[in-house]
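# I would like to see how this sequence folds:
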Amino acid sequence: MNMKKATIRVPGLKVAVPLPADALPQDLVPMEGPAGEPVIELVLEGGSLTALAQLNGKNYRKMLKTIAEHGTGNVAVVLQGVLRPPADQGGAFVLEGAGFQVNIKPG
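Take a look at the predicted model:
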């Protein structure tokens with residue numbers, strides 16, 4: 001079967017990555033004081049695709065508090081952002097505007 005193909009060039013891809021709550025590092029931001037802009041490196045299993053997600057430290061801290069409040073088994077954590085190509089040849093992709101959404105699972 002011969003499939004037709006078309007190419008559409010886009011500046012970025014909107015992605016939503018579900019992450020296990022217990023896989024998120026607890027010490028990435030201090031719980032008090034300036035939270036900074038921590039970075040999480042996402043690596044696609046079975047491949048070499050790597051994306052760096054620069055985070056808002058306050059958003060990360062808030063997410064950790066929500067997980068602590070409800071328990072790792074009772075929340076669904078999704079990291080969202082726009083996947084952009086590497087700035088340098090051979091560099092990592094960038095997850096721009098990265099932020100967490102935490103949904104509490106219905107009890």
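
# now the end-to-end length of stretch 20-38.
18 Å (C-alpha to C-alpha, to the nearest Å).

# actually stretch 36-52, sorry about that
End-to-end distance (C-alpha to C-alpha), stretch 36-52: 16 Å.

# quick one: distance of that stretch to the chain centre.
Chain-centre distance of stretch 36-52: 8 Å, with C-alpha atoms, centre = their mean, to the nearest Å.

# next: stretch 54-72.
13 Å.

# kindly export it (C-alpha atoms) in PDB.
What follows is stretch 54-72 as a C-alpha-only set of coordinates in PDB (Å, rounded to 0.1, in the frame of the first residue of the first chain):
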ATOM      1  CA  GLN A  54      13.500  25.100  32.400                       C
ATOM      2  CA  LEU A  55      10.900  25.500  35.200                       C
ATOM      3  CA  ASN A  56       9.400  28.200  37.300                       C
ATOM      4  CA  GLY A  57      10.700  27.300  40.800                       C
ATOM      5  CA  LYS A  58       7.500  28.600  42.500                       C
ATOM      6  CA  ASN A  59       5.400  26.400  40.200                       C
ATOM      7  CA  TYR A  60       7.600  23.400  41.000                       C
ATOM      8  CA  ARG A  61       7.400  24.100  44.800                       C
ATOM      9  CA  LYS A  62       3.600  24.400  44.600                       C
ATOM     10  CA  MET A  63       3.400  21.100  42.700                       C
ATOM     11  CA  LEU A  64       5.500  19.400  45.400                       C
ATOM     12  CA  LYS A  65       3.200  20.700  48.200                       C
ATOM     13  CA  THR A  66       0.100  19.500  46.300                       C
ATOM     14  CA  ILE A  67       1.700  16.000  46.000                       C
ATOM     15  CA  ALA A  68       2.700  16.000  49.700                       C
ATOM     16  CA  GLU A  69      -0.800  17.000  50.700                       C
ATOM     17  CA  HIS A  70      -2.600  14.300  48.600                       C
ATOM     18  CA  GLY A  71       0.000  11.600  48.300                       C
ATOM     19  CA  THR A  72       1.900  10.400  45.200                       C
END
